[in-house]
Each structure stands twice: as C-alpha cells, then as structure tokens.
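Engineer: next one to model:
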Amino acid sequence: MADLEKLKNIVEAALLASGCPLSLDGMQALFDEAEQPEKKQLHEVVVCLAEEYQGRGIEVVEVASGWRIQVRQGYSPWVSRLWAERPARYSRALMETLALIAYRQPITRGEIEDIRGVSVSSNIIHTLLEREWIRVVGQRDVPGKPSLYGSTREFLDYFNLKSLNDLPTLVEIRDLDKINRELELDDPDHPAGKGSGNADTADDAKGSEESRDNVTLEDAMCKMLADTGMGEVSAEDTVQEIGADA
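Structural biologist: Modelled structure (predicted):
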C-alpha cells in the first residue's frame, strides 16, 4: 500500500476497534493479499502513531500480544468512574503467589507453600487460572507429578509488559520494600501488628524475616497492578481474593 497516511489511519482505526492487542500479523490480515503491507512498514506506522499520541490522554503501547490503544495511567482515576462496578481488588496472598510464579517459574504449588510458609488456597490458584494470568506448563518429575505453573501472555498484557524481562529488577524491588518498611514503622494500623484467623492473611501480616524477600516480590506486583489503572490494590489489602467462597 503506497498511501502511508491512509495506512496509518487504517491501523489506528483497527487498534481502536479491536478488543485486544493487535500483532503485526493481525494487522496484515486486515488487507487483501494484493495490497498487504510489509511488517516493517506496519511497525513504522505504529511507532509513528505512538509518537503522535505523546501528550494526549490515550497512548499507543506495545505489549506481549502486540499493539493497543489505551488510556494513560495518569487519567485512569477519572475514566474509571464511567463504570459503576468497582475495580477488582486482590489479596496480599494472591499477589504474593502470582509474584512467585512470575519470578520463579516454573514452580509447583508445594514449592510456593514452602517459600511462603503457609498453604496456598485453592481459590487463589483457581482465580489466577480463571483470569488466565497463569497456566500449567508441565509436571515436576517427582512422586505425585505436581503441576508446574508459569505466567501467560495475558499476564504480560495486563501489566503492560512486552516480556518477563520487563518485570521490576531486584534492585527496584528492594528499594520498594525499604520504602514500605519505613512507612510501616509509623503506621499503627498496618496489618503487621494485627492478628487474623485466616491462614493466608495472618501469614501475610507477619512480615517475618523468612518471608521478607517474597513479600518484596508481592509489593512489586501490587505496584504494577495499581499502575495499570485496570485494578487497584495496596500492600495493606487483606480482602478475600476474587473467586473465594463466601
């Protein structure tokens, strides 16, 4: 296709109308074979669109599954008011489990429990599988053949990541953990000082030396979830995870 302006308009319209990210292959499929642009040309077009969207309330971003148009994170508090339903909220236990899978995959449920020092609720695994943030990638070659869990492309898309290499580095996570601990010193209502009858939330609240590294990972995931503008969570949340029994 010779008309680059028209091509850019077609791609922009497709990104806006699509309910999911569009890969370069998906963009090519919009055209008849005779007029199908090359992937290099399509990539140049979406990069150009991303530049043109600078300074606006929406942006063109690349995630694991391709490119999409989305609301800029800074404007999500206002845009979210268009929907009556409250944003999803997730427990510390769920986010810590997700963090361990993301950073240490492939990993079994038993290995997660050994690291956390508390059993992992079946509801947590069910919720993560239902949201398609994790998937079974195989079985550990030990008695019982426990399932190995890994993250998915949908997980990367949700957190605005192109690959697992975009996860916060250990240095960034440690800095976040240090800030959280400093804030907790002046917070008499922080869950670390409270007891709980729930095994997951009680363990999350202990903040022991043994689980400190893993809570750090969870805090990073909490920050990433909040930054998406598609959900809200704080490090103090101990609400029951979605999908749990009433």
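
Engineer: how about the helices in this structure?
Structural biologist: 4-17, 24-28, 39-52, 76-79, 92-104, 109-116, 122-130, 153-158, 170-185, 199-206, 212-228 (DSSP state H).

Engineer: lowest mean pLDDT across these, which one is that?
Structural biologist: Comparing mean pLDDT across the helices of the chain, the weakest is helix 199-206, with a mean of 39.

Engineer: tell me how far the closest residue to E111 other than its chain neighbours lies from E62.
Structural biologist: Nearest non-adjacent residue to E111, counting by Cβ to Cβ, 6 or more residues apart in numbering: R104, 7.8 Å away. The way it works is simple: take the backbone N, C-alpha and C, and place the C-beta from them, glycine included. Using Cβ to Cβ, to the nearest Å, we find R104 at a distance of 26 Å from E62.

Engineer: before we move on, what about L148?
Structural biologist: L148 is 28 Å from E62, by Cβ to Cβ.

Engineer: distance check, the nearest residue to Q36 once chain neighbours are set aside against L164.
Structural biologist: Excluding the flanking residues, the one nearest Q36 by Cβ to Cβ, 6+ apart is Q28, at 5.5 Å. Distance, Q28 to L164, using Cβ to Cβ: 26 Å.

Engineer: what is the neighbour count of the residue nearest to E111?
Structural biologist: By the measure other Cβ atoms under 10 Å, the count of residues near R104 is 15.

Engineer: next: N9.
Structural biologist: The local packing of N9 (other Cβ under 10 Å) involves 13 other residues.

Engineer: kindly report the same for T152.
Structural biologist: T152 has 17 neighbours, counted by other Cβ under 10 Å.

Engineer: again with Y90
Structural biologist: 23.

Engineer: and for R89?
Structural biologist: As a measure of burial, R89 has 16 neighbours, counting by other Cβ under 10 Å.

Engineer: same question, L22
Structural biologist: Count around L22 with other Cβ under 10 Å applied: 22.
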